[in-house]
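[1] No letters, just coordinates:
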C-alpha cells in the first residue's frame, strides 16, 4: 500500500473517533441531564487522549516523507498538505504542556462561570495568569516551528495563512470609517419607530417557525437536526449535522436569526466534498470561512429585504401582532446600538468588538502587555471605538467572553474576516445570480448552487487565499464589506 | 501498583469507551436522521474493534494471575472474578470468527427486515444457514473452554450459572400447568366486557403521562431521560440512563406500560453501586435479573390494583373517556389471548412463546436439529402450547424475532427467568413491606428501598443464585410465579 493511502486510511480512522467525540459533545450540550456530566467528561477525556495518541503515532512522519516522494495528483497533493498540517499541529506541543493548558483552562473557565456574574476580576486574574503563561509558551513553540511571531502562530490554528501584519492593515482601515459610520446610522435611526417583541412566544411555535426557515434554506433533514442548548452551536458530522438554538419565550428575535446563522454553518458542513470524507482535505477550510457561511446566511441573505419578507410571512403563520409586519421586522433586525456585549451586538458595531479583542490578544500573546493591563486597555478601546466606559465593569468588559478563559487566543478575528468574506462572496455572486429576485421567488437554489460549487465542495483543497480568489477573482478585499454596510444602513 | 489495581483501572478505561458506544448507540436509535447511518455505523465498528483490542491486551492474563495471588477483600475477589469472566469471554473467540459472525449476522438481519414482511423463508434460510453454522462454531469453542454443552455455553453469556438441565426441569413443570391455566382464564374472561382504546391519543399527551408515571416510579431525571425510538429500549450509562418508547396515536396501552417496563430497567441501572462504577462487578448481574426488574415494575407493581388506579388517575389528567376508568384499565392490562407474536403477548401466554424458542434453539445449537427443521417444529409447538398453526406463516412464526437473525442464541430464557424472579422477589418483599398499601399511598419508596438494598446495590458482586438467595432465602423457585399467575388471573 502506498504511504499516501496509509495516511488516508489513518485519517479516516481518526475521523471515526472524532465522529464519536462530536456526537457525544453535542449530546452533552443538548441532551444530557446534569448528573451525567462527570462520567461523560471522563469518557470524552479518555477519547481525546486516544485521538491525540493516534495523531502522534511515530510512523506518521515517515509515511508523510514517503508520500511526498510518491506520484500524486493535484487533489492528493492538497490532501497530503492538509494531513501534514494537522500532523504538525498535533505533534508540536509536548504532552505535558497540552495537559497543563487543558487543566488550567478548565479550572479558569469553570471558575469564570460564577466570577463573571460577580464582577470578580481579582479572582479571575489569579487563574487566568496561568492560562496566559501557558498560552504564551504554546505560541512560542508554534512560532519557533513555523518561523512566525507568537501571535501569528496562534492565528494559524484557526485561520491558516493569515498574519497580524495583514490584519493590522485591514483593521486600521476599518477604524478610519467604522466609528463615524456607526454614529451616522444611530443618528439616522434615532427618529425611527418600531414595535419590539412584547408577547409570549411559545417555544413550540418558535421551533415550528425555525424548522420552516430551515426548509426555506434547504437544510437537509436527512443529514441533520435542530435541537436546543444553552449556547447555540453547529456540531455533529457532515453526514449528520446537529444545530442548536435557545428559545426565550419573551422574544423571538434571537432564536429565529440564530437558526438562520447556524443553518449557514450546517449547509457548509453538509456540502463538503463527500469523496474526501474523513480526510483533512474534506474538512471546512478555516474558522473564518466557516463564519463567512453562517454570516452569508444571517447577514447577506437573512437580513435582505425579500428574506425578511419571508421571515415575516412564516412568523405570521405561527404568531400574530404588529411586531411581525415586514417593515417592523426589518427595523428590528437592522437596529444599531453601541453596547457592551459582543454576542448581542448588531452587524455594524460587531467589528469594533472584534478589533478591540484582536489588538489586546495580539499584544498579550506577543508579550508586549501584561495580562493585568487588559481591563484598562479594554476600557480605553471601548471608549475610543464605541464611546462606552468599562471602568470597574469586568462583567460587561474583559470578562464577558469564554474564549480567553481556556486560552483560545487567535480566534476572534475569524468573526470579522467571516463578515468580510461574506460580503465579498455576495458581491461576486450578484454578477451571475439575481440574488434578490431569487430570494423573493422563494426557491433559493441558485444561491446555494453558487456557494456549493465555489466554497462548500472545495473543502480544504485550496488555501484560503486561493479559495477566495477562485470564488471572487481576488483575495480578501474589505471594500465589499464597507460598501455593504453603507448601502444597508445609510 | 498492584495487579488488581491495574485491572480495575483498565476496566474503567474500557468502560469509558463503552460509555461512548452506549450514548452513540442510543443516538443512532432515537435521534439520528437516516442519512447519518453509514458514517455512524463505521464509527461504531471502529470503536468496537478498539474496545475488543483493549479487552484482549496480552498483559491482562498475567495481571489476572498476579491478582489472584494478592491479598484481596471479599468485594475485590468478586470484582476480580467478574473481570476474569469478561476477559475470558473476550479472549475465547478467534478474531476471524467474531468478524465472520458479525458480518453474517448483519447481512441476515438486514435482509430479514424486508424478508419477514414478505414471508420469505427461502430467502431468509439462505442467509441464516451461515449464522447458525458460525453460532455453532462459537458455541463449540465456548463449550470446550468451559466444559459445558454448546448451548449451555451460549446461555452462560446472558445468564451465567444457568444450565439447560435446570431450564428443562423448570419449563417441563410450567408445561404441565400453563396450557390449561391459559384455557381456564380465557374461558373466564370470555364474558367480560371492556372498552378498548378508540380515540386519538396525542403523542404529546402520552409523553406527558409517561413522564408523570416515571415520577411516580421515582426515575431520577438528573441521571436519565425519556425519548422515542422504533424499538423501545433502555440504554445509556448508569449515571445517565436513556429509556425510549414508541407512541401510537391510535392507542396508549403499549407506550404507557412500556414506559413502566423500561423504568424498571432504568432504576436498576441508576441503583447500581457507584463505588464500583466502571468495573464489571458494578454492572447488572445478568439479563434475567435485568428483566426481573423491568417485569417487577411492569407486572408485579404495574398491573397491581392500586397501581392501575394511579395509572387511570394520571391518564385522566391528560385524556377523558370511559376507557380510562380504573376497572376498564384493569381489564385492558390483564386480557389474555392466544396469539402469534411474542412481543405483543400478555403475561400469561408469554412463557409459552419463550419455552417454544428455548426448546428449538437448544436443539439447534447442540446440533440435534437442522436449521431447516425450525419452521415445522415451530408449527408443532405452537399448536401444542397455544393451539395456533403457523404452517406456511413464517412472518408470524419463526421469522418474527430479531434475536436469531444475528445469532443471539441463549437469550430468550432470560425473559421468563426474569418473570419468575420478579414473582419471587415480590413474595419475599411482601414479608416485610405492605406492598399494596404502599402503592395505594403513592409514595413507593419502601418498594424501591427493598429492591435497591437486595438487588440494585449488589451489582455483580454475587452470583445469580447467591443474589436471589440473599434476597429471598432460596434460589429460583417457580412456584411463586405460578401462584402469582393463578391469583391474578383466576
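    Here it is on my side, so go on. Quick caveat: nothing in here was measured; it's all calculated off a predicted structure.
[2] The closest residue in space to residue A:297 that isn't next to it in sequence: how many residues sit nearby?
    Sequence neighbours aside, residue A:264 is the residue nearest to residue A:297 in space, at 3.0 Å (criterion: Cβ to Cβ, 6 or more residues apart in numbering or on different chains). Using the backbone N, CA and C atoms, a C-beta is placed for each residue, glycine as well. Using other Cβ atoms under 10 Å in any protein chain shown, residue A:264 has 29 other residues around it.
[3] so who does residue A:264 touch?
    Applying Cβ atoms under 8 Å, 6 or more residues apart in numbering or on different chains to residue A:264 gives the contacts A:217, A:293-298.
[4] how about residue A:385, secondary structure?
    Following DSSP: H, G, I helix; E, B strand; the rest coil, residue A:385 is assigned to helix.
[5] Now do the contacts for it.
    A:175, A:178-179, A:352, A:355-356.
[6] Of these, select the buried ones using a ChimeraX command.
    Remark: buried members of the contacts of residue A:385, expressed as a ChimeraX selection using 16 or more other Cβ atoms under 10 Å in any protein chain shown:
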select /A:178,179,352,355,356
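[7] Among the contacts of residue A:385, which lie within helices?
    Counting by DSSP state H, the part of the contacts of residue A:385 found in helices is A:175, A:178-179, A:352, A:355-356.
[8] and the stretch 1-150 of chain A, which residues reach chain B?
    The stretch 1-150 of chain A comes close to chain B at residues A:13, A:16-17, A:19-20, A:23-24, A:27, A:31-36, A:38-40, A:42-44, A:46-47, A:50, as judged by Cβ under 8 Å from any Cβ of the partner chain.
[9] Give me the subset of the residues you listed lying in helices.
    With DSSP H as the criterion, helices contain A:13, A:16-17, A:19-20, A:23-24, A:27, A:38-40, A:42-44, A:46-47, A:50 from among those.
[10] quick revisit: where does the residue nearest to residue A:297 fall, secondary structure wise?
    helix A:253-270 (DSSP states H and E).
[11] still on that earlier bit, and the residues of the stretch 1-150 of chain A next to chain B, which of them are buried?
    Buried among the residues of the stretch 1-150 of chain A next to chain B (16+ other Cβ under 10 Å): A:13, A:16-17, A:19-20, A:23-24, A:27, A:31-33, A:35-36, A:39-40, A:42-44, A:46-47, A:50.
[12] pLDDT score assigned to the closest residue to residue A:98 other than its chain neighbours?
    Closest residue to residue A:98 apart from its sequence neighbours, by Cβ to Cβ, 6+ apart: residue A:52 at 7.4 Å. pLDDT recorded at residue A:52 is 93.
[13] give me the element residue A:52 is part of.
    Applying DSSP H and E, one finds residue A:52 within helix A:37-55.
[14] What residues of the helix or strand following that helix count as buried?
    Remark: after helix A:37-55, the chain's next helix or strand is helix A:59-68, criterion DSSP H and E. By neighbour count with 16+ other Cβ under 10 Å, helix A:59-68 contains the buried residues A:60, A:63-64, A:67.
[15] and those residues as CSV, adding pLDDT?
    Below are those laid out as CSV (pLDDT from 0 to 100):
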residue, pLDDT
A:60, 98
A:63, 98
A:64, 98
A:67, 98
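[16] Closest one of these to chain B?
    residue A:60 (17.8 Å; Cβ to the nearest Cβ).
[17] Quick check: closest non-adjacent residue to the closest one.
    residue A:87 (5.5 Å).
[18] Tell me which residues touch the one you found, please.
    Neighbours of residue A:87 in contact, by Cβ under 8 Å, 6+ apart: A:55, A:60-61, A:64.
[19] Just the ones in helices from the contacts of residue A:264, please.
    A:293-295.
[20] any chance of those residues in a markdown table, plus distance to residue A:321, neighbour count and pLDDT?
    Listed next are these as a markdown table, based on distance: Cβ to Cβ, whole Å; neighbours: other Cβ atoms under 10 Å in any protein chain shown; pLDDT from 0 to 100:
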| residue | distance to residue A:321 | neighbour count | pLDDT |
| --- | --- | --- | --- |
| A:293 | 32 | 28 | 98 |
| A:294 | 28 | 25 | 98 |
| A:295 | 29 | 27 | 98 |
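[21] Reformat those residues as CSV; add distance to residue A:3.
    Formatted as CSV, the ones in helices among the contacts of residue A:264 follow (distance: Cβ to Cβ, whole Å):
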residue, distance to residue A:3
A:293, 34
A:294, 37
A:295, 39
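[22] Now the residue nearest in space to the middle of chain A: closest residue in space, sequence neighbours ignored.
    With distances taken as Cα atoms, centre = their mean, the residue of chain A nearest its centroid is residue A:291 (4.5 Å). Nearest residue to residue A:291 in three dimensions, chain neighbours excluded: residue A:418, at 2.6 Å (Cβ to Cβ, 6+ apart).
[23] what angle separates the helix or strand harbouring that neighbour from helix A:253-270?
    In this assignment (DSSP H and E), residue A:418 forms part of helix A:413-429. Using axes from the mean of the first three to the mean of the last three Cα atoms, to 10 degrees, the inter-axis angle of helix A:413-429 relative to helix A:253-270 is 70 degrees.
[24] residues in contact with the helix or strand of chain A with the lowest mean pLDDT?
    Ranked by mean pLDDT, DSSP states H and E, the helix or strand of chain A with the weakest confidence is helix A:95-115, at a mean of 91. For helix A:95-115, the external contacting residues (Cβ under 8 Å, 6+ apart) are A:52, A:120, A:123-124, A:127-128, A:130-131, A:134-135, A:137-138, A:141, A:399, A:402, A:405-407.
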